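Asker: Here's my sequence, what's the structure:
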Amino acid sequence: MADTPRRRRGDAWTLRPVKVAFILLTLVFLGILILFSKTLYDVKHNSTRINGLVTENTHRIGDIQNSRLESCKRTYEGIGEVFQPFFPKAPRTRKQQAELDKFNKRIDQLQQACIDQITPPKIPKTRKNQ
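Answerer: Residues are numbered from 1 along each chain as shown. Below you'll find the predicted structure:
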């Protein structure tokens, strides 16, 4: 036992480089863990707010689309009303009635086109978006 050197009291209290590195790495790990937790909280909090905004925008877009549809239909109804005085009176010939029916059919087609105007086009299915 005489061969083992005795430690001095000062050696027990000094930090070795391995201990310093371990403490620093532990502190860095805890810091990263705290920042990651804060980021997750922020993402969750913001996603709730963003979902609310998405819902509001969806309603707003729906209102705008309905307004556009009504405006478009009123436009074509107005065209029909403007030309109404120029149509022949009630006893009409077949040709006059056919022309009037053709005009009314065209107005109906244009009003139907209003719906197609505000409906987004169908996206064809490809392998990427299936």
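Asker: In the protein, which helix is the longest?
Answerer: Scanning the chain for the longest helix, with DSSP state H as the assignment, gives helix 17-83.
Asker: which strands and helices sit next to the helix or strand following that helix?
Answerer: Counting by DSSP states H and E, the element after helix 17-83 in chain order, helix or strand, is helix 94-118. The criterion is 3 or more C-beta pairs under 8 Å, 6 or more residues apart in numbering; DSSP states H and E, and the helices and strands that helix 94-118 contacts are helix 17-83. The way it works is simple: take the backbone N, C-alpha and C, and place the C-beta from them, glycine included.
Asker: From the chain's centroid, how far away is the helix it packs on?
Answerer: The gap between where helix 17-83 is centred and where its chain is centred comes out at 8 Å by C-alpha atoms, centre = their mean, to the nearest Å.
Asker: Does the longest helix of the chain pack against any helices or strands, and if so which?
Answerer: Using 3+ C-beta pairs under 8 Å, 6+ apart: helix 17-83 touches helix 94-118.
Asker: Helix 17-83 and the helix it packs on, what's the angle between them?
Answerer: Helix 94-118 and helix 17-83 are oriented at 170 degrees to each other (axes from the mean of the first three to the mean of the last three C-alpha atoms, to 10 degrees).
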